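**Student:** Sequence and predicted structure below; questions after.
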Amino acid sequence: MLRWRGLDAVPGDLGRTVVTIGMYDGVHRGHQKLIGAAVERARALGRPCLLVTFDPHPAEVVRPGSHPAILTSLDRKAELVEALGVDAMCVLPFTQDLMRQSPESFTHTVLASTLHASHVVVGENFTYGHRAAGTVATLAAEGRRFGFSVDGVGLASVAEDELTISSTYVRACVAAGDMTSATEALGRPHRVDGVVVRGHRRGRQMGYPTANVESPPYTAVPADGVYAGHFVLRDVEGASGARFPAAISVGTNPTFDGTRRTVEAHLIDWDGDLYGEHAGVEFTARLRGMLRFSGMDELIAAMDDDLVEARRVLGM
Ligand SMILES: Cc1cc2nc3c(=O)[nH]c(=O)nc-3n(C[C@H](O)[C@H](O)[C@H](O)COP(=O)(O)O)c2cc1C
Ligand SMILES: Nc1ncnc2c1ncn2[C@@H]1O[C@H](COP(=O)(O)OP(=O)(O)O)[C@@H](O)[C@H]1O
């Protein structure tokens with residue numbers, strides 16, 4: 001998949017294209033449905049499918065100081081949309097200028113002049129341009145002038161309770177530690193990506209070495225607690241690599257009066273060196289809350305029980 005940052009990076013010889021636009025944070029099941037519709041249309045027309053997204057999250061620019069928890073980094077988003085069949089991802093820096101652009105000017109410069117859209121796929125609640133004044137209806141009207149058709153795709157919902165799937169909903173699930181609901185909405189387990197860094201070297205001493213995965217600021221980290229899941233090694237190309245069952249701890253290690261929140265994964269039945277590796281931690285199920293124990297022995301006894309439970313949850 002090709003990746004471009006900014007409109008200047010877009011090649012001039014694309015021909016007509018099919019475009020889908022959105023933040024697509026999380027690439028959840030609703031996003032997958034939209035992107036799938038765009039890819040299908042592009043294949044039918046024999047044209048490339050382009051995905052336009054923004055960085056940073058528009059909320060940071062529209063409401064400075066507000067930082068929504070980020071479900072997927074740009075790299076992870078690229079991996080996920082590539083797997084759905086997107087041919088190129090164009091990241092537009094979300095600036096004050098972009099924010100103030102009128103809906104019509106956005107359509108003209110981005111969709112018509114630069115990307116040469118023949119068809120545009122968005123969610124039915126899509127808005128764009130200054131004060132989010134543009135809607136699917138205005139986009140369709142502008143499309144008639146600029147020569148593209150518009151498909152406003154209905155939002156996906158969680159099966160039983162008709163709850164609309166949104167990035168906000170997934171963030172709430174993750175923040176509450178409800179990884180079952182997060183998994184259902186995402187269509188895969190939520191993952192925290194980062195680099196394995198050094199900790200206090202206590203883990204090995206207690207019999208449970210833990211790879212401490214340091215993620216970028218504003219990453220959507222699940223509620224403090226102990227989880228069962230997987231540790232994923234990312235290879236250099238960014239494709240998903242080896243996956244290991246793991247017991248995961250999120251918190252400040254209150255037993256040791258820690259103050260920094262860490263995400264630590266103990267790889268079950270495994271030994272080796274992980275320092276410096278780019279890795280992802282996938283959260284399948286929450287086992288319990290983070291507790292302050294009176295000493296190491298009590299913590300070790302609790303971890304013994306956690307490992308039994310983690311193996312059971314992971315079907316080991
Ligand atoms: C399965 C598991 C459960 C854990 N539960 C707790 C806990 O309840 N309370 C706590 O203070 N630390 C808990 N921890 C975190 C340990 O305190 C931490 O992994 C240990 O201090 C090692 O830290 P280090 O990687 O900096 O050496 C848990 C870790 C694991 C792997
Ligand atoms: N089964 C395992 N799970 C996690 N890390 C392991 C495992 N076996 C070896 N390691 C290595 O040990 C390190 C963790 O040991 P630990 O004593 O907790 O040190 P630190 O405090 O630096 O995290 C990991 O970063 C990894 O390099």
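**Tutor:** Everything's here; your move. Ligands and ions are numbered 1, 2, ... in the order given.

**Student:** In the stretch 51-200 of the chain, where is pLDDT below threshold?
**Tutor:** 160-161 (pLDDT under 70).

**Student:** Please enumerate the strands of it.
**Tutor:** 88-93, 117-123, 149-153, 157-158, 163-164, 190-197 (DSSP state E, counting those that start in this stretch).

**Student:** Highest mean neighbour count out of those strands?
**Tutor:** Stretch with highest mean neighbour count among the strands of the stretch 51-200 of the chain: strand 117-123 (a mean of 24; mean count of other C-beta atoms under 10 Å). C-betas here are computed from N, CA, C, even on glycine.

**Student:** contacting residues for Ala69?
**Tutor:** 171, 174-175, 218-221 (C-beta atoms under 8 Å, 6 or more residues apart in numbering).

**Student:** Among these, pick out the one closest to ligand 2, please.
**Tutor:** In terms of C-beta to the nearest ligand atom, no member of those lies closer to ligand 2 than Val221, at 17.0 Å.

**Student:** Neighbours of the residue in the stretch 101-250 of the chain positioned nearest to ligand 1, how many?
**Tutor:** Residue nearest to ligand 1 within the stretch 101-250 of the chain (C-beta to the nearest ligand atom): Gly199, separated by 2.5 Å. Gly199 has 18 neighbours, counted by other C-beta atoms under 10 Å.

**Student:** and if you look at Asp273?
**Tutor:** Neighbour number of Asp273 under other C-beta under 10 Å is 8.

**Student:** Need the three-state assignment for it.
**Tutor:** The three-state label given to Asp273 by DSSP: H, G, I helix; E, B strand; the rest coil is coil.

**Student:** What does the pLDDT read for it?
**Tutor:** Asp273 carries a pLDDT score of 94 in this model.

**Student:** rewinding a little: any chance of the strands of the stretch 51-200 of the chain in JSON lines, with distance to Asp257 too?
**Tutor:** Shown next, in JSON lines, are the strands of the stretch 51-200 of the chain (distance: least, C-beta to C-beta, whole Å):
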{"stretch": "strand 88-93", "distance to Asp257": "41"}
{"stretch": "strand 117-123", "distance to Asp257": "46"}
{"stretch": "strand 149-153", "distance to Asp257": "50"}
{"stretch": "strand 157-158", "distance to Asp257": "40"}
{"stretch": "strand 163-164", "distance to Asp257": "40"}
{"stretch": "strand 190-197", "distance to Asp257": "20"}
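
**Student:** Please name the residues that touch the closest residue to ligand 2 within the stretch 51-200 of the chain.
**Tutor:** Distance from ligand 2 to each residue of the stretch 51-200 of the chain (C-beta to the nearest ligand atom) is smallest for Gly199, at 2.6 Å. Going by C-beta under 8 Å, 6+ apart, Gly199 touches 210, 212, 262, 264.

**Student:** ok, which stretches of this structure are helices?
**Tutor:** All helices of the chain, identified by DSSP state H, fall at 29-45, 58-62, 74-83, 96-100, 103-106, 136-146, 167-176, 179-186, 296-313.
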